[in-house]
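# Dropping the sequence and predicted coords here.
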Amino acid sequence: MNFDLRSLRQQFPFFSAHPDWIYLDNAATLHKPQAVLDAMNTFYSQHNSNVHRSAHGLSQQATAAFEAARNTVAQFLNARFSHEIIWTSGTTAGFNQLVFGLMGPVLQSGDRVLISSMEHHANIVPWHIHALPFGVQLDVVPLTADHRFDLAAYSELLKLKPKVVSISHVSNALGYIQPIADIVRLAKEAGAIVVLDGAQGIVWEKIDVQALDVDFYLFSGHKLYGPTGIGVLYGKTQYLELLRPLLGGGEMIKTVSFSSSSWNDLPYRLEAGTPNMAGAIGLAAAILWLQQQDLTAFQQHKSALVQRFYAGCQQISALELLSGPTTNAGIVALNLKNEHPADLATLLDQQNIAVRAGTHCTMPLFQALNVKGSVRFSFACYNSFDEIDRTLTALATAVELLAE
Ligand code: PMP
């Protein structure tokens with residue numbers, strides 16, 4: 001391991017506030033390093049003014065900081081232009097804008113869209129709201145027998161010529177890292193626009209949107225050590241230009257009369273209203289913080305945590321493991337045979353271990369798996385082997401209690 005875990009943890013004030021807790025709900029949201037909190041505090045205490053609106057110097061300073069944050073994200077993703085970074089309030093908001101925006105210019109009645117069995121509701125329900133009522137059909141890539149993305153079935157479904165393929169980079173329920181290079185390449189060969197849901201993937205590995213040749217990539221700030229209420233919809237200029245804005249109002253227009261309006265250039269056209277300025281600056285601070293860390297070491301550490309936890313779980317025979325340790329970005333899903341996942345999570349909570357139980361906004365996945373739900377243990381760079389061992393002990397105790 002190429003980093004000092006103790007000094008890493010010291011950068012996260014949350015842990016000194018809760019020294020008696022083991023936080024394994026990292027796929028839901030990550031904790032924030034002090035650098036992120038400081039950047040947001042500095043913005044509010046020293047630079048707070050509305051961006052892009054006023055002629056005064058303070059507004060210009062705020063605008064400069066806000067647009068610098070956009071540049072930081074653009075460089076981080078290796079986007080060609082900073083206007084390809086659209087601020088959203090999160091992945092969910094990004095998907096709603098994207099799906100709404102594609103309807104008409106790209107998608108019409110009779111067209112097909114391809115998603116996978118592992119999608120989060122954020123990549124399912126917006127299609128139901130904005131696309132299916134207008135005659136678009138949703139096809140779904142099935143799971144393999146070992147609950148992986150089925151590339152062979154995917155290739156077959158691409159023969160139906162979907163106009164859009166929209167797949168998660170990393171499954172938030174099972175932790176699997178999807179074969180995104182193959183997914184994008186095959187979709188392009190089939191002539192589809194490719195969208196990746198990066199909500200869980202962005203924190204796992206470095207993304208180069210140009211090298212990957214992905215058309216849209218979405219993520220949330222709070223799953224990248226940044227604040228809540230800010231997210232990114234990356235899109236290639238040629239496709240962003242096509243999107244109809246979901247939200248109308250200030251900032252996104254060029255001219256307005258009582259009878260019509262004309263729209264602003266990118267990125268503002270898709271950013272109606274006062275943006276989350278402090279959020280954007282906080283997210284940029286998170287990225288700058290991350291760029292000073294050893295991402296490969298983080299990956300190795302998370303993989304080692306998964307391996308250790310997984311091996312420990314295998315010793316507890318009453319547990320059913322839903323996801324395996326290989327090509328896993330740090331999420332283990334399991335169940336205690338014949339028990340409701342919430343019961344196990346409650347017993348762990350009583351021992352100050354934070355995990356999540358349920359269907360994790362992936363109800364159709366659990367229907368496909370034919371299980372009610374799972375207890376999800378999700379690991380981050382700041383978790384320790386000691387925490388894994390204590391969790392395994394607590395898990396064994398909880399399992400014994402429930403068996404009584
Ligand atoms: N997609 C995936 C894979 C996710 O894990 C999440 C968050 N759980 C989302 C989309 C939605 O993100 P948000 O709630 O931040 O909008």
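Looks like it arrived, so ask away. Since we're looking at a predicted model, the values are computed, not measured.
# Which phi and psi values does the residue of the stretch 201-350 of the chain found nearest the ligand adopt?
Residue of the stretch 201-350 of the chain nearest the ligand, by Cβ to the nearest ligand atom: Ser220 (3.3 Å). Every residue, glycine included, has its C-beta placed from N, CA and C. Recorded main-chain torsions at Ser220 are phi -110, psi 140, according to degrees, to the nearest 10.
# ok, the closest residue to Asn335 other than its chain neighbours to Val232 distance?
Excluding its sequence neighbours, the residue lying closest to Asn335 (Cβ to Cβ, 6 or more residues apart in numbering) is Glu320, at 4.7 Å. Using Cβ to Cβ, to the nearest Å, one gets 36 Å for the distance from Glu320 to Val232.
# Looking at these two, which one has more neighbours?
A count of neighbours by other Cβ atoms under 10 Å puts Val232 above the other of Glu320 and Val232, at 30 against 14.
# ok but the residue nearest to Asn335 is inside a helix, no?
No - going by DSSP: H, G, I helix; E, B strand; the rest coil, the assignment for Glu320 is strand, not a helix.
# Pretty sure it sits against Asn338.
No - look at Glu320 against Asn338 with Cβ atoms under 8 Å: they stay out of range, at 9.8 Å.
# Pairing partners for the residue of the stretch 201-350 of the chain closest to the ligand in the sheet, please.
Bridge pairing for Ser220 (DSSP bridges) gives the partners Gly231.
# Give me the pLDDT for Ile115.
In the predicted model, Ile115 carries a pLDDT score of 98.
# so who does it touch?
Ile115 makes contacts with 123-124, 127, 138-141, 165-167, as judged by Cβ atoms under 8 Å, 6 or more residues apart in numbering.
# Can you flag the buried ones in the residues you listed?
Neighbour counting with 16 or more other Cβ atoms under 10 Å marks 123-124, 127, 138, 140-141, 165-167 as buried within these.
# Let me see the ranges of the helices in the stretch 1-150 of the chain.
For the stretch 1-150 of the chain, the helices defined by DSSP state H, counting those that start in this stretch cover 5-10, 13-17, 34-42, 57-77, 91-102, 125-130.
# List just the one of the ones you listed that sits closest to the ligand.
The nearest among the helices of the stretch 1-150 of the chain, by Cβ to the nearest ligand atom, is helix 91-102 at 3.3 Å.
# contact partners of the closest one?
Against helix 91-102 from outside (Cβ under 8 Å, 6+ apart): 86, 88, 120, 122-123, 126-127, 129-131, 164, 193, 195, 197-199, 216, 218-220, 231-233, 235, 242-247, 270.
# repeat for stretch 129-142
Against stretch 129-142 from outside (Cβ under 8 Å, 6+ apart): 96, 99-100, 102-103, 107-117, 124, 127, 149-150, 153-154, 157, 160, 162, 167, 364, 368.
# Any idea how far that stretch is from the middle of the chain?
22 Å (Cα atoms, centre = their mean, to the nearest Å).
# and that stretch, how far apart are its ends?
Terminal residues of stretch 129-142 lie 22 Å apart, using Cα to Cα, to the nearest Å.
# avg pLDDT for that stretch?
Taken as a whole, stretch 129-142 has a mean pLDDT of 98.
# Please identify the buried residues of that stretch?
130-131, 136, 138, 140-141.
# okay, the buried ones among the contacts of Ile115 in TSV with distance to the ligand next?
Formatted as TSV, those follow (distance: Cβ to the nearest ligand atom, whole Å):
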residue	distance to the ligand
Asn123	6
Ile124	10
Trp127	13
Leu138	16
Val140	16
Val141	15
Val165	16
Ser166	11
Ile167	10
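# So which of those sit within strands?
Judged by DSSP state E, the subset of the buried ones among the contacts of Ile115 located in strands is 138, 140-141, 165-167.
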